[in-house]
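**Student:** Here you go, sequence then predicted model.
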Amino acid sequence: MPARTGAQFLEGLKQPREIWVGDRKIESVADDPAFAGAARGVAAVYDLQHKEADACLMPDPETGEKINVSHMIPRSRQDLARRRAGLEKIAAYSVGLMGRTPDYMNVTYAGFAGRAEEWAVNGNEEGAENLVNYQKYLRRHDISLTHTIVNPTIDKAQGDAPQPGNDVALRKVGETEHGIVVRGARILATLAPFADELAVYPSHPLPPDCDEYAISFCIPISTPGLKFICRDSFSESSNFFDHPISARFDEQDAFVIFDNVEVPRDRLHVNCNTAVYNSVMMRSWWPNVMQQTTIRALTKLEFAWGLASRMTEVINDVKPQTWEMLGEIWSYAELTRACLKAAEDGAIDYGNGVWLPDAQPFAAIRASMPRWMARVSEIIQLIGSHNVFAAPSRAQLDDPSLRPLIDHYLRGAGDVGAEQRARVFRLAWDFVGTGLAGRNLQYERFYLGSSARNYQMAHLFGDRTRANELVDRFLAEDIGAVNKADRRVAGAV
Ligand SMILES: Cc1cc2nc3c(=O)[nH]c(=O)nc-3n(C[C@H](O)[C@H](O)[C@H](O)COP(=O)(O)OP(=O)(O)OC[C@H]3O[C@@H](n4cnc5c(N)ncnc54)[C@H](O)[C@@H]3O)c2cc1C
């Protein structure tokens, strides 16, 4: 099947799935008020790839059928530029607010499959082959894939990785005629209610004697024993005036329980193999997916600058302090754009003819972005002040007795009418203040690991060659000789 439409995606959501939210188990994701808005939002992304076919679609390298460009295994810098054009269209749809539109996992699995030899180590050739076959299945059926890679926190002092005997973390507990049985849990799978399949792949390295935890696979969401416990829904009514963001972009986050789940053998990518589990995530994975997610973050920063600027215009806030804050948002966007370009320009053949971006600029972005996003949110709150709440609803604007008063007392500066002013500030509050806005900030802080951890990694893995050279110039020099030379120069003067 080539690239799907929104209607085909919604049809796929009718597959059975055990989704819990609030006080109930969900009968139909696409019809439930907690999910209907975002279901339509993800469907719109599927439709978008047909509307923007030049940017979003490409022929499958084997069948020639049209598939999403996010499935591309890049083989040149030009391929990365081609992929970027498609990813930009998808990011623009949700102004970067849906972090896990299916292109995120499409890019991830294209990277895994392109560098399958990184998985085909320590006797895992069959797992690597299954992975390559899975990526073909993913792209040819245009699957919506979610993922869950972090084990649950019970006792934080015990560390990130499960110790032998841990009965909470996801692990293999048995074998069947067709595959293995897994049991345990993993933390948040964003997009889970809107996914067709669930991916489990490595994250924190495992200690010795933990082979049963070293598993990676992809299975349908409908697999018996899979249970998804969603956080509270932040989806508001389908009233796009009152809740322009919450009405369509709540992509959800669900805790995943694997209650004796069978994983077919041909869906296993790592089967109790700690050496592979511990090595693959340090290789090509992350500079590849960082292209997708940096494009998304850049889109969100561009939107934030535009929105904050518009907020100041409707109330004619021309204070230099306000411009300073607007310039700060703009700077974050431009720094992100520069890092993206540097990473793409610095792309190299990682092996097997697969071209991926330079990791170093992305390491800087990965560590800095969570703090930038928090600051951008703060700036919009500071600029917005009380105005984000002096923003009448659609119903209030439509009330004939209120409307003349609102038009007079809640109009904007110059010729900005009350309705336009309300729209801008409602959009701003939905961006930085509502339940979904709070969730989105939490997402930025943690979806690629915390800023603190990433700064530490940036330091540990950064290339210090030039930095060392600059310091060694001073530490290696013959101080006596330099002193004499300096005195000669001083004497000449
Ligand atoms: C909204 C949201 C959506 C998510 N979606 C997904 C998903 O789709 N799939 C998925 O697999 N996971 C998902 N996650 C989980 C995410 O991957 C983890 O939250 C992330 O890896 C951080 O791990 P943690 O929660 O254990 O926190 P930690 O990394 O333990 O961080 C908690 C706090 O401790 C601090 N800290 C921890 N270690 C150190 C250290 N060494 N030095 C200094 N400070 C430290 C951090 O800075 C932070 O303040 C999601 C999380 C959120 C919040």
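**Tutor:** That came through fine.

**Student:** From Ala161, how far off is Val150?
**Tutor:** Shown here: Val150 relative to Ala161, a distance of 10 Å by C-beta to C-beta, to the nearest Å. For glycine as for every other residue, the C-beta is placed from the backbone atoms N, C-alpha and C.

**Student:** Next to the ligand, which bits of the stretch 151-300 of the chain? Give me the list.
**Tutor:** The stretch 151-300 of the chain comes close to the ligand at residues Thr153, Ile187, Leu188, Ala189, Thr190, Asp253, as judged by C-beta under 6 Å from any ligand atom.

**Student:** Could you identify the most distant pair in the residues you listed?
**Tutor:** Using C-beta to C-beta, these span at most 17.3 Å, a distance reached by Thr153 and Thr190.

**Student:** between these two, who's got more neighbours?
**Tutor:** Thr190 (20 against 10; other C-beta atoms under 10 Å).

**Student:** Surely that one and Arg100 touch.
**Tutor:** Yes: between Thr190 and Arg100 there is a contact under C-beta atoms under 8 Å: 4.3 Å.

**Student:** who touches both of these two?
**Tutor:** By C-beta atoms under 8 Å, 6 or more residues apart in numbering, Thr190 and Arg100 have these common neighbours: Thr146, Glu251.

**Student:** helix, strand or coil for the residue of the stretch 1-150 of the chain found nearest the ligand?
**Tutor:** Relative to the ligand, the nearest point of the stretch 1-150 of the chain is Ile149 (3.9 Å; C-beta to the nearest ligand atom). Assigned state for Ile149: coil (three-state reduction, DSSP: H, G, I helix; E, B strand; the rest coil).

**Student:** do Val173 as well
**Tutor:** Per three-state DSSP, Val173 ends up strand.

**Student:** OK, contacts around it?
**Tutor:** Val173 touches Val181, Val182, Arg183, Glu212, Asn260, counting by C-beta under 8 Å, 6+ apart.

**Student:** which stretches of this structure form strands?
**Tutor:** Remark: strands assigned in the chain by DSSP state E are 19-21, 24-25, 57-59, 66-68, 145-147, 171-175, 179-190, 197-200, 215-220, 226-230, 253-264, 268-271, 348-349, 355-356.

**Student:** Rebuild those strands as TSV, extending it with distance to Pro320 and mean pLDDT.
**Tutor:** Below are the strands of the chain laid out as TSV (distance: least, C-beta to C-beta, whole Å; pLDDT from 0 to 100):
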stretch	distance to Pro320	mean pLDDT
strand 19-21	47	98
strand 24-25	52	96
strand 57-59	47	98
strand 66-68	45	98
strand 145-147	46	98
strand 171-175	59	97
strand 179-190	40	97
strand 197-200	49	98
strand 215-220	53	98
strand 226-230	45	98
strand 253-264	40	98
strand 268-271	56	98
strand 348-349	44	96
strand 355-356	43	97
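
**Student:** Point out the most buried one among those.
**Tutor:** Ranked by mean neighbour count, those are led by strand 268-271 with a mean of 26 (mean count of other C-beta atoms under 10 Å).

**Student:** send the alpha carbons of that one over as PDB?
**Tutor:** Output of strand 268-271 as PDB, limited to C-alpha atoms (Å, rounded to 0.1, in the frame of the first residue of the first chain):
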ATOM      1  CA  LEU A 268      12.500  -9.500  17.200                       C
ATOM      2  CA  HIS A 269      15.400  -7.100  16.500                       C
ATOM      3  CA  VAL A 270      17.400  -7.900  19.600                       C
ATOM      4  CA  ASN A 271      16.700 -11.100  21.600                       C
END
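
**Student:** I appreciate the help and will end here.
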